[in-house]
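Participant: The sequence and its predicted three-dimensional model are supplied below.
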Amino acid sequence: MNIQKKWDFLIAGTGVAGLNCALHLPAGAEILMLSKDAADKSDSFLAQGGICVLRSPDDFHGYFEDTMRAGHYENDPEAVELMIRSSPALIRELIGFGVRFARDESGALRYTREGGHSRPRILFHDDVTGKEITSCLMRAVRRLPNVHILEYCELADIIAEDGECFGGVVRDLKSGQLFPVYADATLLATGGVGGLWENSTNYRHLTGDALAIAMKNGVEVEHLDYVQIHPTTFYSEKHGRRFLISESVRGEGAVLLGADGRRFCNELLPRDIVTGEIRAQMQKDGTKYVMLDLRPVGEETICGHFPTIFRHCLEEGYDVRKEPIPVVPAQHYFMGGVKVDKDGRTNMKRLYAAGETACNGVHGKNRLASNSLLESLVWAERAAFSMPSEGKSARMPEKELAPYSDRAALAADYAKMIREEAEREAYCD
Ligand SMILES: Cc1cc2nc3c(=O)[nH]c(=O)nc-3n(C[C@H](O)[C@H](O)[C@H](O)COP(=O)(O)OP(=O)(O)OC[C@H]3O[C@@H](n4cnc5c(N)ncnc54)[C@H](O)[C@@H]3O)c2cc1C
C-alpha cells in the first residue's frame, strides 16, 4: 500500500476517540490511523471502573450537578449537558457493536457507583470495561476496508500553512523513516500526558505529543496544569506504570485506613479531595502509602466484579479477601488539552482533536469518575460528522523532514514545551 498518497482523513491515535471517529466518518472515505505503539496499547484498554450514562431523565439534574461539582464549576455547562444528553444513544450504539455490560438476573443493566456520584449510574464489564469497549470498536474498525492502521508510527508534527492543516509528518518507529502524509482533515487523538510523569497509571508512550505539536503550530491549548491524580494506585517500589485500584471498589464499600488502622476520610468524595486527605494522612503517619481494605466489599463481589484487581494483588503478595493493600496517589488523567468546540474543531482549519488530548470544557478542573470514556466517544463521533465539511484540499505543501531526524531531541523539546506551559498556567491562575 502506498501510504504517502493523499488520504481523506488522518487520525493520530487508536484509543476510543480515534476508533469511534473512524467508525463514524463517511463509509468509503480513505482513512489512515496512526498508533505510536501496538494498536491495542492505549489507555482506553486500561479503563477499569466503567462508563457513565443518563439512566433516566429524572437523573439529569443529579448527573449534571455531580459533574459540575467535581469540576469545581469550571466546566462548560453546555458541553456537560451535551455529553449527558448524548449518553443513552451512545450506550445503545456500543451495545450494537457487541459491548457486554453487566446485567442482573432479569437481563437489566447493572449500575455501579464511584466517588463524586450521588447515585449509581456507571455501566461496567467486570473491572475491564475499557478493554471490553475498545476491543469491540477495534474489531469493528478492522472490518472496514477503507481504514488502514499503521502501528508503531508516530505523528511527529502536523503540516500546516496559512492557518490550515494538510496532514502530518510521520515517523516509522521501527525503521526510523520519516515521511509526510497528506489528508483533507486530521484528528489529534493521542491520549494523555502520563508518560511525562514518574508515577502514572498511563502507558509510558503517552507523552502529550499532540499538545506540543499544537502549541508549536499556534493552535490553542488550555489548562495544561489541570492534571488529575488518582487517589488509589497499588503501592510498589518497582519502576513503570502504576496499577490502578479502581474507585468503584470504594463505591462498593472498600475503606481507607491510616497506620493506626482507622478510617480517616469519606472515601466517596471527588478524587482531588480524597487525594488531599491521603497525602495529609501519609505525612501524619510518616509513610509512603495508606492502606485500602476491600474486605467490606465481600468475597463474592471482589471475585465477580473485580477479578483483575484481585489477581494483580495476589501476584503482588496480597489476598484482598483477607488483608488491606498499600495504595498511593499517582498521575492519572489530564483535563486540559487542545482547545476544541462542540464538534471537536480546533482554531486551525482542517484540524480536529478528541479524547484526552482535547479540552472541550466537560471536566472543568477535575474529572468526575467514569466521564472520560463517554466524553471521548461523544466528541469523536461529533468530530466525525464535522470533518467531511472541510471539503477537499488540493494543496500538499512540501515539508522539510530534517528537523525531525533526532527523535530524542524532539521528544525532549516537546516535553519541555508542555511543562513550561503548564507551569505558566499554574502561575497565572
Ligand atoms: C488505568 C486507567 C483506568 C481508567 N479507568 C477509566 C474508567 O473506568 N472510566 C473512564 O471513563 N475513564 C477511565 N480512564 C481514562 C480513559 O481510559 C481515557 O481517558 C480514555 O481512554 C482516553 O482515550 P483516548 O482515545 O483519548 O486515548 P488513549 O486510549 O490513551 O489512546 C491514545 C492513542 O494515541 C496514540 N499516540 C500517542 N501519541 C501518538 C503520536 N505522537 N502519534 C500517533 N499516535 C500516538 C497511542 O498509541 C494510542 O493509540 C482510565 C485511565 C487509566 C489509565
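Facilitator: Noted; the coordinates are in hand.
Participant: okay, the helix or strand bottoming out on mean pLDDT in the chain in CSV with CA atoms only?
Facilitator: Lowest on mean pLDDT, DSSP states H and E among the helices and strands of the chain sits helix 248-251, with a mean of 90. Provided in CSV are the C-alpha atoms of helix 248-251 (Å, rounded to 0.1, in the frame of the first residue of the first chain):
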residue,chain,number,x,y,z
SER,A,248,-15.5,1.5,42.2
VAL,A,249,-14.1,-0.7,44.9
ARG,A,250,-14.6,2.2,47.2
GLY,A,251,-18.1,2.7,45.6
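Participant: Show me what that helix is in contact with.
Facilitator: 48-50, 112-115, 117, 120, 122, 124, 127, 232, 256, 267-268, 292, 294, 297, 305-306, 309, 369 (Cβ atoms under 8 Å, 6 or more residues apart in numbering). Placement of C-beta: from N, CA and C, glycine included.
Participant: Could you restrict those to the ones contacting the ligand?
Facilitator: Gln48, Gly49, Gly50 (Cβ under 6 Å from any ligand atom).
Participant: quick one, helices of the stretch 251-400 of the chain?
Facilitator: Secondary structure of the stretch 251-400 of the chain (DSSP state H, counting those that start in this stretch): helices located at 271-285, 299-305, 307-315, 372-386.
Participant: what comes up buried for the third one?
Facilitator: Along helix 307-315, the positions that meet the burial threshold by neighbour count (16 or more other Cβ atoms under 10 Å) are Ile309, Phe310, His312, Cys313.
Participant: and the closest residue in space to the third one that isn't next to it in sequence, how many neighbours does it have?
Facilitator: Setting aside the residues directly before and after it, His312 is nearest to Phe243 in space (Cβ to Cβ, 6 or more residues apart in numbering), at 5.6 Å. In terms of burial, Phe243 registers 21 neighbours under the definition other Cβ atoms under 10 Å.
Participant: what does Asn366 give?
Facilitator: Neighbour number of Asn366 under other Cβ under 10 Å is 23.
Participant: contacting residues around the spatially closest residue to it that is not a sequence neighbour?
Facilitator: Leaving aside its sequence neighbours, Asn366 sits nearest to Asp272 (Cβ to Cβ, 6+ apart; 4.8 Å). The neighbours of Asp272, taking Cβ under 8 Å, 6+ apart as the test, are Gln228, Ile229, Lys365, Asn366.
Participant: Tell me the one of the residues you listed nearest the ligand?
Facilitator: Gln228 (9.4 Å; Cβ to the nearest ligand atom).
Participant: quick one: the helix or strand harbouring that closest one to chain centroid distance?
Facilitator: Applying DSSP states H and E as the criterion places Gln228 in strand 227-234. The chain centroid and the centroid of strand 227-234 are separated by 14 Å under Cα atoms, centre = their mean, to the nearest Å.
Participant: what helices or strands is that strand leaning on?
Facilitator: Where contact means 3 or more Cβ pairs under 8 Å, 6 or more residues apart in numbering; DSSP states H and E, strand 227-234 is packed against helix 271-285, strand 325-334.
Participant: Quick check: closest non-adjacent residue to Asp126.
Facilitator: Closest to Asp126 by Cβ to Cβ, 6+ apart is Pro307, at 5.7 Å.
Participant: how about low-confidence regions in the stretch 1-150 of the chain?
Facilitator: Scanning the stretch 1-150 of the chain for pLDDT under 70 picks out nothing.
Participant: can you count the residues close to Asn2?
Facilitator: Around Asn2 there are 4 other residues, counting by other Cβ under 10 Å.
Participant: Name the SS class of it, please.
Facilitator: coil (DSSP: H, G, I helix; E, B strand; the rest coil).
Participant: How about the stretch 101-250 of the chain: which residue is closest to the ligand?
Facilitator: Closest point on the stretch 101-250 of the chain to the ligand, by Cβ to the nearest ligand atom, is Gly191, at 2.7 Å.
Participant: Taking the centroid of the protein, which residue is nearest it?
Facilitator: For the chain, the residue nearest the mean C-alpha position is Glu356 (4.4 Å; Cα atoms, centre = their mean).
Participant: Assess the claim that that one and Gly336 are in contact.
Facilitator: No - under the criterion of Cβ atoms under 8 Å, Glu356 makes no contact with Gly336, lying 9.7 Å away.
Participant: between the two, what contacts are shared?
Facilitator: Residues within reach of Glu356 and of Gly336 at once, by Cβ under 8 Å, 6+ apart: there are none.
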